[in-house]
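In: Here is a sequence together with a model predicted from it:
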Amino acid sequence: MSYCYYCHWGWPKHIAGIYDKYLELAGHSAMHFGPAHVVWEDENFERPLIQWCLDQADEYRAFDCTDEEHEAVKQSLRELLTLPDAVFVVPEGGWDDPATYPPHDGAEWVRR
């Protein structure tokens, strides 16, 4: 059985902070069901996927979302890309059995 690493451990504090900041500006629907669905709803915190969502953002706008909300979603993705690589590292094998691969020392995680 395969488990989601982030579902098991939570989100790195820096990622959770960006989410919380932009959730207030964009709202749940725009964050989870628009261009950042792959990141915020599916919890795929990998640089290539974040960039892909940003590149496709204007094609996959959330329904009933204002221009300001849409821009906030895009800005959340841009801000994620400014984080250091260490924030995004999931240990080898972490997707199959996350309990065996705890987060690296010193990392602060937020349960969602």
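Out: On my side now, so go ahead.

In: For the rest of this, base every contact and every neighbour count on C-alpha atoms.
Out: OK.

In: okay, the lowest-mean-pLDDT helix or strand in the chain in CSV with CA atoms only?
Out: Ranking every helix and strand in the chain by mean pLDDT, DSSP states H and E puts helix 5-9 at the bottom, with a mean of 81. Only the C-alpha atoms of helix 5-9 are listed here, as CSV (Å, rounded to 0.1, in the frame of the first residue of the first chain):
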residue,chain,number,x,y,z
TYR,A,5,4.2,11.5,2.6
TYR,A,6,2.5,14.9,3.3
CYS,A,7,-0.7,13.3,4.4
HIS,A,8,1.2,11.3,7.0
TRP,A,9,3.6,13.9,8.3
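
In: Against which helices or strands is the very next helix or strand once past it packed?
Out: Next helix or strand after helix 5-9 toward the C-terminus (DSSP states H and E): strand 11-12. Contacts defined by 3 or more Cα pairs under 8 Å, 6 or more residues apart in numbering; DSSP states H and E place strand 11-12 against strand 109-110.

In: partner strands of the strand it packs on, parallel or antiparallel?
Out: Here strand 109-110 is paired, per DSSP bridges, with strand 11-12 (antiparallel).

In: what mean pLDDT would you report for the partner strand?
Out: Over the span of strand 11-12, the pLDDT mean works out to 91.

In: E71 sits in which helix or strand?
Out: helix 67-81.

In: Now find how far off-centre that helix is within its chain.
Out: In terms of Cα atoms, centre = their mean, to the nearest Å, the centre of helix 67-81 is set 12 Å apart from its chain centre.
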